[in-house]
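[1] Sharing a model prediction with you, sequence too.
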Amino acid sequence: MLAIERKNQILEILQKDKRVLVSDLSQAFEVTEETIRRDLEKLEKEGFAKKTYGGAILNESVNVDLPYTVRKKANVSNKEYIADIICSMIEDGDHIMMDASSTAVYAAKRLKNKKNITLITNSIEILLELSDMAGWKVLSTGGMLKEGSLSLVGYQAEKMLENYHVDKAVISCKGLDMERGITDSNEMEAQIKKLMLASAGTRILAADSTKFDRISFTRIGGLQNLDYLITDKEPVEKWKQVFEKTGINLKYE
């Protein structure tokens, strides 16, 4: 196993269990404890973990942008649940935009029974997933490949999005707050999502329950920029009141 593969698997364990022990990882990966300590030191330098005596704990800051290979394996059942709801909202012949979130990838997989879809995305994985769809038009934003992800960002991607109008846009986020609105950990990703919302007749945010009452680094927009909020379970009453006041349609079942 390559060092980068082992490090990503350790990060997956951290995402699931929130903490790891050097001795356990040493046995699991059949390497020395010193090798595991070096892996944990790298994860700490990259902002993903915090070393503790005998191991490490997950850095749960919403400003940390996890590698895509790790993100897509986290909270899978919640993402699949949300993806099913998104799929129910897409109709044959729709023109849609989807961001490069792992939730959008799950949604794209669910859409394969739809006909005559035009889809614009900055997600390389979605482009690959839908590359054999007969009768569809799948457009790439182009742009610069963002390090550690399968997303395209930057000036070229932004200019491409500005030239189109679609029926529906589907984006995700890192944080959702009543005052600060919709936020994300990366400025270039946030700008892509902002442009997608601005280009759509119906604006859909997919955010599982862990995103509520959290604020990340950069703002995508206010709650008034949304038409639908799709999540994995019923929000608390105060959030339901906010959605009703702002005219956002809430879907969780």
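    Sure thing, it's come through. Note that the structure is a prediction, hence the values are computed from the model and not measured.
[2] If we ignore the residues flanking it in sequence, what's nearest residue 1?
    Spatial nearest neighbour of residue 1, excluding adjacent residues (CB to CB, 6 or more residues apart in numbering): residue 29 at 7.0 Å. All C-beta atoms are positioned from the backbone trio N, CA, C, and that covers glycine.
[3] Which residues are in contact with residue 218?
    Listed by CB atoms under 8 Å, 6 or more residues apart in numbering, the contact set of residue 218 reads 183, 184, 185, 186, 187, 190.
[4] Filter these down to the ones in helices?
    Among these, the residues falling in helices (DSSP state H) are 187, 190.
[5] Top of the contacts of residue 218 by number of neighbours, please.
    residue 184 (27 neighbours; other CB atoms under 10 Å).
[6] That residue and residue 53, how far apart?
    If you measure residue 184 against residue 53 using CB to CB, to the nearest Å, the figure is 34 Å.
[7] now residue 67
    When distance is defined by CB to CB, residue 67 is 26 Å away from residue 53.
[8] between those two, which one's more packed in?
    The neighbour count for residue 67 versus residue 53, taken as other CB under 10 Å, is higher for residue 67 (18 against 6).
[9] For residue 204, state which of the contacts of residue 218 is nearest.
    Set against residue 204, the nearest of the contacts of residue 218 by CB to CB is residue 184 (15.7 Å).
[10] list the contacts for the closest one?
    Listed by CB under 8 Å, 6+ apart, the contact set of residue 184 reads 173, 174, 175, 190, 193, 216, 217, 218, 220.
[11] Derive a PyMOL selection command for the buried subset of those.
    A single PyMOL command selects the buried members of the contacts of residue 184 (16 or more other CB atoms under 10 Å):
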select buried, resi 173+174+175+190+193+216+217+218+220
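[12] Dump the contacts of residue 184 into JSON lines; add pLDDT, distance to residue 206 and secondary structure as well.
    Output for the contacts of residue 184, formatted as JSON lines (pLDDT from 0 to 100; distance: CB to CB, whole Å; DSSP: H, G, I helix; E, B strand; the rest coil):
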{"residue": "173", "pLDDT": "96", "distance to residue 206": "9", "secondary structure": "coil"}
{"residue": "174", "pLDDT": "94", "distance to residue 206": "12", "secondary structure": "coil"}
{"residue": "175", "pLDDT": "96", "distance to residue 206": "14", "secondary structure": "strand"}
{"residue": "190", "pLDDT": "97", "distance to residue 206": "15", "secondary structure": "helix"}
{"residue": "193", "pLDDT": "98", "distance to residue 206": "11", "secondary structure": "helix"}
{"residue": "216", "pLDDT": "95", "distance to residue 206": "15", "secondary structure": "coil"}
{"residue": "217", "pLDDT": "94", "distance to residue 206": "19", "secondary structure": "coil"}
{"residue": "218", "pLDDT": "96", "distance to residue 206": "19", "secondary structure": "strand"}
{"residue": "220", "pLDDT": "98", "distance to residue 206": "13", "secondary structure": "strand"}
